[in-house]
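Novice: generate a structure from the sequence data that follows.
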Amino acid sequence: MIEKVNVQGYYEYMKTPWGKLFYELAWHNIECRGKRILDFGSGFGYTADHFAKSNEVIAVEPNEEMIQNRFSENVYQQINGDISALKQMPDHSFDVIICHNVLEYLENREELLLEFSRLLAKDGFISIIKHNKAGKIMQKAVFEYNIDEAMKLLNNENVASANFGTINEYDDHDLEEYSRKKLRIEKIYGLRIFFALQRNELKTGEEWFANMYDLECKAEEIPEFRDIAFFHHIILKSTES
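Specialist: Next up is the predicted model:
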């Protein structure tokens with residue numbers, strides 16, 4: 001599914017204040033109760049476990065090492081598999097489908113989006129988080145001072161992530177094309193607008209976390225800030241709904 005995974009590196013990232021903030025910001029726009037949820041590419045199960053507090057969740061992840069170290073404070077079904085596991089599931093099985101930071105590393109995006117559209121309930125939605133090129137260029141140039149990779153991105157070349165290998169870029173509205181127009185974009189939020197540009201030694205304490213959470217939430221739908229966010233959080237709905 002993904003060419004390589006730095007499991008330990010990703011686990012350490014999740015324990016940082018900025019790693020935790022990423023998840024809190026992702027969750028606040030998709031909070032739901034009493035729903036049937038699919039988390040595809042579930043990783044350590046952090047998101048699946050969160051939503052399992054008040055929903056029925058099925059998590060699908062191909063990496064066995066991540067599953068062995070998954071979060072499991074709440075009850076959810078964990079499947080070790082890939083798109084082939086989805087093909088065994090009935091039509092319209094899920095009210096919510098979550099796929100965060102996965103599609104950049106796959107070649108079969110069209111096949112996967114078509115499966116998502118088949119599995120989605122008519123009044124449900126899909127939550128996808130993806131890299132946003134403009135925001136990545138900002139981080140490379142400002143926070144990392146990695147001018148070479150910033151220039152590569154400006155020249156439409158791909159660069160690698162710290163933990164998951166080469167990031168194969170795609171545009172937000174390609175998601176509609178991958179689904180053959182069976183899905184439409186309902187909303188786009190900016191995520192990690194500001195805190196990726198701060199020095200890590202500043203990102204500590206409850207006050208920093210609370211203030212940055214509020215600031216990110218305030219700016220996430222303002223186009224000027226959303227367009228330079230490191231991630232875009234995209235909500236898709238069926239064109240049949």
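Novice: which residues of this protein fall in helices?
Specialist: All helices of the chain, identified by DSSP state H, fall at 7-14, 17-28, 46-51, 64-68, 83-86, 109-119, 133-138, 147-154, 174-178, 205-219, 223-226.
Novice: got the contact list for the first one?
Specialist: Contacts with helix 7-14, where a contact means C-beta atoms under 8 Å, 6 or more residues apart in numbering, come from 19-20, 23, 43-44, 46, 63, 65-66, 69, 162-164. To be clear about C-beta, it is placed using only N, CA and C from the backbone, and glycine gets the same treatment.
Novice: now the buried members of these.
Specialist: 43-44, 46, 63, 66, 163-164 (16 or more other C-beta atoms under 10 Å).
Novice: tell me the least confident of those?
Specialist: Lowest-confidence member of those: N163, scoring 82 (pLDDT).
Novice: report how many residues lie close to the nearest residue to G19 once chain neighbours are set aside.
Specialist: Excluding the flanking residues, the one nearest G19 by C-beta to C-beta, 6 or more residues apart in numbering is Y13, at 4.6 Å. Close neighbours of Y13, defined as other C-beta atoms under 10 Å, add up to 15.
Novice: now do R180
Specialist: There are 12 residues near R180, going by other C-beta under 10 Å.
Novice: run through the residues that contact it.
Specialist: Contacts for R180 (C-beta under 8 Å, 6+ apart) come out as 110, 114.
Novice: 7 Å instead?
Specialist: R180 makes contact with L114, according to C-beta atoms under 7 Å, 6 or more residues apart in numbering.
Novice: now A150
Specialist: 137, 140-141.
Novice: ok, now G43?
Specialist: Contact partners of G43, counting by C-beta under 7 Å, 6+ apart, are 61, 66.
Novice: and it, how far is that from S84?
Specialist: Using C-beta to C-beta, to the nearest Å, one gets 19 Å for the distance from G43 to S84.
Novice: bridging residues for the spatially most central residue of the chain?
Specialist: Among the residues of the chain, the one closest to the centroid is H100, at 2.1 Å (C-alpha atoms, centre = their mean). Using DSSP bridges, the bridge partners assigned to H100 are I129.
Novice: my read: it touches A26, true?
Specialist: Yes. Under the criterion of C-beta atoms under 7 Å, H100 makes contact with A26 at 6.4 Å.
Novice: where do the contact lists of those two overlap?
Specialist: Joint contacts of H100 and A26 (C-beta under 7 Å, 6+ apart) are I129.
Novice: residue ranges with poor pLDDT in this protein?
Specialist: 1-4 (pLDDT under 70).
Novice: re the thing from before, taking the buried ones among the contacts of helix 7-14, tell me the two that lie furthest apart.
Specialist: Greatest spatial distance among the buried ones among the contacts of helix 7-14 (C-beta to C-beta): Y46 and F164, at 15.5 Å.
Novice: count the neighbours of K122 for me.
Specialist: K122, neighbours per other C-beta under 10 Å, totals 10.
Novice: same check on the one 10 residues further on?
Specialist: By other C-beta under 10 Å, the residues close to N132 number 25.
Novice: and the nearest residue to it once chain neighbours are set aside, bridged to which residues?
Specialist: Among residues not flanking N132 along the chain, H232 sits closest, at 4.6 Å (C-beta to C-beta, 6+ apart). Here H232 sits in beta bridges with K130, G190, going by DSSP bridges.
Novice: please apply the same query to E56.
Specialist: Partner residues in beta bridges with E56, using DSSP bridges, are R36.
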